[in-house]
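Trainee: from the sequence below, what's the structure:
(chains A and B)
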Amino acid sequence: MNFYDYKEKYFKFLENGRQRCKGIRLAIDAALETQDIDNALRLYYEFISEDNFESDSFQAIIIFPEYLALFEKYPEYQDHHVRNLMWAFKWVAGSSADFYQIPLQQISDIYSQYESYCTKYHYNKRSLYRNMWNDMLNQGIASFPLSQSITDCHKKMNQYPKDGLSEPESGEIDDLVKYLLFVKNDIEAALDTAEPIFSGRQSCNVVPHYTYTNFAKYYFENGDIESARFFAEKALRIINRDFGGTESMGRYKGMCISVFAFCNIRKSLKFFKGQIRHYYTNQCGLDNFYFYRGAYHLFMQLEKSGEDCVSLNFPLRDDDIYSESGKYAVSQLKEYFFEKTKYIADRFDERNHNSHFNYILTKEYQFNE
Amino acid sequence: MNNDYKFKVNLGGMIDILSNHLYSSPNVFVRELLQNGIDAISARIFSDNGFDSSDAKIEIEVVKGEKIIFRDNGTGLNEEEIHQFLSVIGQSSKYDIENNRSNGDFIGRFGIGLLSCFMATDSICVRTSSFKNPGTALEWRGMADGTYTIHQISENIPVGTEIILENNKKEKDSELIDDYYTSESISNLVYYYGLFLKYPVYVIDGGEKTRLNLKFDFDTKKNKDVCMQLGKTFLGEEFLDCFTLTSQTGLFNGIAYVLPYPVAANVHNMHRIYLKNMLLTESGEKLLPEWAFFIRCIINTDHLKPTSSREDFYEDEDLEKARNEIAGCIADYFEELDLHNNELLYKIVSIHNLAVKSVLSSSEGMDDILLPYILFETSLGELSGRDISEFGGTAFYTLDVNQFKQLAPLYTQRSELLINAGYVYEGTILQKLAETSRKTDIEKLTESDIDFMLDDSEFDGDPDAERLLSLAAKILKKYDCKASIKEFRPFDIPALYTINEKAYEARQIRRSKENANAVFTDMLSSFEDEINSKAIACLYFNTNNLIIRKLIDCKDKDKISCYIEILYVQSLLSGHFPLLNNEMKVLNENLYKLMEF
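Mentor: The predicted structure is shown next:
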C-alpha cells in the first residue's frame, strides 16, 4: 500500500480534527503491523499535522513520543523523514506550554531535546527561539532557562538566518507584527509591517486571520473597540469559513467573541452558540482559557443589557449546569464560564509562578458606546 | 561616485517573458487587440459627444497567409499620444489613468498589450487618426528589435485606428504563426475571447463581412436551452441544470452550471471568466466560494481587478464581496428548487451530497433550505435530514465511525436511530439539524446512553452471574475497565467494549509511554491523573449470547479468567481500538492456556 491507499482506506473522508486523527491512528497501526515503516513514519507526521492545524494539538503531543521512537529505531529511514520529524517536533515543542498540565521544567527539557535534534540534523536555533519568545508572550513568563527575556530571545532568534524550520514569509511577518504589538507596543510599525498581509500578497493557512485577530486583541486591550471590531470582523470571516467546524483556533475564536460581546452582542452570541461544542472536548488550556473568557465577557454583557435567559443547545449533559429545557439563566452562565476560566487561569498561574492569566481574566473593560 | 544610470530593456527578452511566462499562449495577441479596440471605442463614446455609440464597431480583415488588419473607430491617437503610449512599455493609453476621468469601461490596465503582437509578427504597423485632429493620419511602425518610426501619411483614413500585422516572423516556430493568418483561426479566436463583447466585431474575408459576437442575455429562465448549450460548448459538459448569477451591486453577471457527477472537494473547477465582456481566463479558480466545487460557471465582471497575468483576480474586498453575492445566488437557486422543483433538488443533493454538506457547514442562510435534503448513514439505513427531523423521540449521533459500526446493529435491532456523523462536515451539520429539528431530539451519544440502551439481564442477581461479574471486575481493573452484565441483540455479539473520549486518550497515553524516552515519559505522565479521573471504559457481557451463558455456568475459575481476557481483547479488536503491547500479549498467553486445558 502507498500513502494514498492508506488515506483512501482509513481517513480520507473523515471529519477533520479528532475523528480524522482516529482514522490516521488506525492507518498507522495497519502500517506498523506489516512493518511498512516508511508509511508509518509518514502517517505519524500526517497525524501530528492534522491535530496541529485542525484540532487542539493534544493528540499530537501524545503521539509524538511514539513517532520519535520509531524514527530512532530505523536509522535507514531517517534521511527521508528527518524534515517531517523536525517540523512535528517544532509544533509539539511549541504547543507544550499551552497545556498547564506540563510543568515548566518539562517544557524546558523538551526544548533542550529539540535543540539537540536541531544541532544533530543541522538546523539552526531560529525556530527554537521563535517558539520560546512566543511561549513567554502567551504565558507571561519572564524567562526560560535558555534566555533572559522576550526581547533577548527575539534578538537571539534574529541572529540566526532562516532555515528549513522557519515559518513561511507570511508567518515571519505575522510573528514580527505580534512582537511589535505586544512587546514593543508600536502600533504604527505593526500596521506598516502587516501591509503585505493586508494587501493579500502574503498569506498561508494561518495568515491573515492570526494577524487580524492580533490587531483586534491589541485594540481591545487598549480600549479602542471600533478598531478591534474592524479587525475582528475580518478575522471572524475567515475563521468561521475555514475553521468553524473544528476544535482549533480557540484562542482566536474566543478573542472574537470577547470583542463582539462589547460591540455586537448578537453576533458574539451566535458565534459562541455555533462553537461551544468544540470547547467541551478541546484539551488545550490556552485555547479554552480564551474561549471561556470570551463566553464570560459575552454573558456579562448580556446580563448588563438586561437579558435574563438564553437558549443553548450543546452537550452539557454531564455537567451540573445542564438544563433539559435548553434554557439557561444568563447570570448563571456568566458565573459558570467565569469559574471555568478561573480554573484554567489558576492552573496556568500556578504552573508559571505568576498571575498573568488571572490578570487577563479579571481585567475590566470600559469602551465608549 | 554618485552617477545616475537608466535601466536598459531588451525588447526581445521582454517578448520572451510575455510569451513564455506571463501569457499562457500566443493566441492572446487577438485578445489584446480586441481589448485595445474596445477601450478606444469606450474612450470615444466618453469623450466625443458627436460620436453615436451605435456606430461603434471593430473590423478584422484577413489576407490569408499575408496580413491581418484590426480596425476600430475609437478615439485614434495623435502624435504625442503615439510617442507616449505606443512606444513606452508599461504605460497604458487608457484615458482613465492619465486624465482621471474614466467611465470605468476600459479593459486594459498594464500598457503592454500591443507588445503581445510580437508573438505573431516581427513588425507592427499602426495607422491612426485622432478624433482630436480628424483629417490627419499618422503611421507608426514598431519592430521586434525595439526600433520604431513615425510619420504622417497623406491617405485620408477615418477617425480610429488600424493595426496591421504582417506574416513576417523569422523565428523557428514561424510555421505555427502562419496558422494565425487565416480568417478561420482569427474568427475562432474572436469567438473564444470576445463572444460577449458589447460592440459588434466583424471579420472580413475576400469582401465578405461576418459578425462574430452576439448580444447575450444571461437570464437562464428566458434562455434555458441556449444557456445549457453555451455551457456544453464552452465548458464541455452536459450539465444537470443552470441558473443565473446576478450581482445586486453590479459586480458580475453570468450563468452557473451544476455538474452532473460528484466531484471531490479538493478539485479546482475551472470557470470561464470574462472581464468587461472579454475572456479573461477559462481556468479561473478564485471567484467562486471554496465550497461551490459542484458548480462551474461562465461569468462576466466589470469591476474586479485582474492579476497582471490577467488569468485570475486579486484577493481584495471586492472579490470577497463577489464571492458572498455568488453564494447568495446559489442559495436563491436552492430556495427556488425547494419551492418549485424539489425532485431536482433531491437529485442534486444525492449526487453532490458531500458538496452540499460543505455548503451547509461553511455558510449561513441555507440551513432551512438544504438541511431536509441531506442524506445520513443511520442504524435504519440512509435517511434524509427531513426523515430524521420527523422521526420523533430521541436520535443519537456519534462522531466516531468505528463506534457507529460497532453500535449500529444494536440500534437497528431496537428500531432506534443512531446517526453516523463521523464523516467530513457531518458533525457540524447534525448540530444545525439538532437546533432546527422540532419532533426529534438529536443528541450526541454518550457512554451513559449506551448503558441505558442495553437491557437489564435476566441473570441480574443470579449467583453464578454475580461470580462471573466479580471476577471480571477484578481482572479488568488492570485495564482500567469496568464489567457489566446486560442483554442485547444481535445475539452473536458476546461482549461490547465502550469507552469515553478520556478513556480513549488514556489508552493513547499508555501506548505512547510504551515507547517514549525519559523526557516524554515525564510529560505524558503529567496528563495521566486528570485524564484517568474522567476516563470511563466498560465491557458489557451479553447474556443473550451462548458463550456468555456457558461462561456463567462454568465453575473453573482459571478457565473463566482466560475467557474474560480473550473476550476483552476480542471486543477491543471488533471496536477497532488499537491494542496496547500488553493486550496483544494477553491474547496470545490466554489462547495458549486454553490449549493446555
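Trainee: domain assignment for chain B?
Mentor: Split into domains by automatic domain parsing, chain B comes to B:11-211, B:224-344, B:452-500+B:536-596.
Trainee: burial count for the closest residue to B:Trp291 other than its chain neighbours?
Mentor: Leaving aside its sequence neighbours, B:Trp291 sits nearest to B:Ser358 (C-beta to C-beta, 6 or more residues apart in numbering or on different chains; 4.3 Å). Using the backbone N, CA and C atoms, a C-beta is placed for each residue, glycine as well. Using other C-beta atoms under 10 Å in any protein chain shown, B:Ser358 is surrounded by 23 other residues.
Trainee: equivalent analysis for the one 3 residues further on, please.
Mentor: By the criterion of other C-beta under 10 Å, B:Ser361 has 20 neighbours.
Trainee: for it, give me its contacts.
Mentor: The contact partners of B:Ser361, taken as C-beta atoms under 8 Å, 6 or more residues apart in numbering or on different chains, are A:244-245, B:291, B:425, B:428-429.
Trainee: circling back to that earlier point, in a strand, the residue nearest to B:Trp291, correct?
Mentor: No. Per DSSP: H, G, I helix; E, B strand; the rest coil, B:Ser358 lies outside any strand segment and is helix.
Trainee: coming back round to it: rebuild the domains of chain B as TSV, extending it with mean pLDDT and mean neighbour count.
Mentor: Formatted as TSV, the domains of chain B follow (pLDDT from 0 to 100; neighbours: other C-beta atoms under 10 Å in any protein chain shown):
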stretch	mean pLDDT	mean neighbour count
domain B:11-211	80	18
domain B:224-344	86	18
domain B:452-500+B:536-596	93	17
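Trainee: what sits against the residue nearest to B:Trp291?
Mentor: B:265, B:291, B:293, B:424-425.
Trainee: check pLDDT for the contacts of B:Ser361 and point me to the minimum.
Mentor: Ranked by pLDDT, those bottom out at A:Gly245 (75).
Trainee: who are the packing partners of the longest helix anywhere in chain A?
Mentor: Secondary structure assigned by DSSP state H gives helix A:330-352 as the longest helix of chain A. Contacts defined by 3 or more C-beta pairs under 8 Å, 6 or more residues apart in numbering or on different chains; DSSP states H and E place helix A:330-352 against helix A:285-304, strand A:309-311, helix A:356-362.
Trainee: tell me what the last one is packed against?
Mentor: Judged by 3+ C-beta pairs under 8 Å, 6+ apart, helix A:356-362 is in contact with helix A:285-304, helix A:330-352.
Trainee: mind listing what's buried in the shortest one?
Mentor: For helix A:285-304, a neighbour-count test (16 or more other C-beta atoms under 10 Å in any protein chain shown) marks A:285-303 as buried.
Trainee: kindly report the same for the longest one.
Mentor: Judged by neighbour count using 16+ other C-beta under 10 Å, the buried positions of helix A:330-352 are A:330, A:333-338, A:340-342, A:344-345, A:347-349, A:351-352.
Trainee: can you map out the helices along the stretch 51-200 of chain A?
Mentor: Counting by DSSP state H, counting those that start in this stretch, the stretch 51-200 of chain A has helices at residues A:58-73, A:78-96, A:104-120, A:126-139, A:150-159, A:169-182, A:187-193, A:195-198.
Trainee: with distance to A:Ile238 added, can I get these in CSV?
Mentor: Formatted as CSV, the helices of the stretch 51-200 of chain A follow (distance: least, C-beta to C-beta, whole Å):
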stretch, distance to A:Ile238
helix A:58-73, 23
helix A:78-96, 21
helix A:104-120, 30
helix A:126-139, 21
helix A:150-159, 27
helix A:169-182, 13
helix A:187-193, 19
helix A:195-198, 12
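Trainee: so which of those helices comes closest to A:Phe47?
Mentor: Closest of the helices of the stretch 51-200 of chain A to A:Phe47 is helix A:58-73, at 5.8 Å (criterion: C-beta to C-beta).
Trainee: okay, now the domains of chain A?
Mentor: According to automatic domain parsing, the domains of chain A span A:1-96, A:244-369.
Trainee: mind giving me CSV with those and columns for distance to B:Thr498?
Mentor: Supplementary listing: those in CSV, determined by distance: least, C-beta to C-beta, whole Å:
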stretch, distance to B:Thr498
domain A:1-96, 15
domain A:244-369, 15
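Trainee: lowest average confidence across those, which one?
Mentor: Here the lowest mean pLDDT among these goes to domain A:244-369, at a mean of 90.
Trainee: tell me how far that one lies from the chain's centre.
Mentor: Offset of domain A:244-369 from its chain centre (C-alpha atoms, centre = their mean, to the nearest Å): 16 Å.
Trainee: what's the answer for stretch B:569-576, then?
Mentor: How far stretch B:569-576 lies from its chain's middle: 39 Å, per C-alpha atoms, centre = their mean.
Trainee: what's the helix ranked longest in chain B packed up against?
Mentor: Scanning chain B for the longest helix, with DSSP H as the assignment, gives helix B:317-340. Helices and strands touching helix B:317-340, by 3+ C-beta pairs under 8 Å, 6+ apart, are strand B:241-246, strand B:252-258, helix B:342-351, helix B:367-370.
Trainee: what angle do that helix and strand B:252-258 make?
Mentor: Angle, helix B:317-340 to strand B:252-258, by axes from the mean of the first three to the mean of the last three C-alpha atoms, to 10 degrees: 50 degrees.
Trainee: which residues touch helix B:317-340?
Mentor: A:237, B:243-249, B:251-252, B:256, B:286-289, B:292, B:295, B:301, B:303-305, B:313, B:344-345, B:348, B:359, B:363, B:365-366, B:369-370.
Trainee: if you set the cut-off to 6 Å instead, what comes out?
Mentor: By C-beta atoms under 6 Å, 6 or more residues apart in numbering or on different chains, the residues outside helix B:317-340 that reach it are B:243, B:245, B:247, B:251-252, B:288-289, B:304, B:313, B:344-345, B:363, B:365-366, B:369.
Trainee: hmm, back to that, reformat the helices of the stretch 51-200 of chain A as TSV; add mean neighbour count and distance to chain B.
Mentor: Listed next are those as TSV, based on neighbours: other C-beta atoms under 10 Å in any protein chain shown; distance: least, C-beta to the nearest C-beta, whole Å:
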stretch	mean neighbour count	distance to chain B
helix A:58-73	22	3
helix A:78-96	19	7
helix A:104-120	17	5
helix A:126-139	23	15
helix A:150-159	18	21
helix A:169-182	20	13
helix A:187-193	15	17
helix A:195-198	16	10
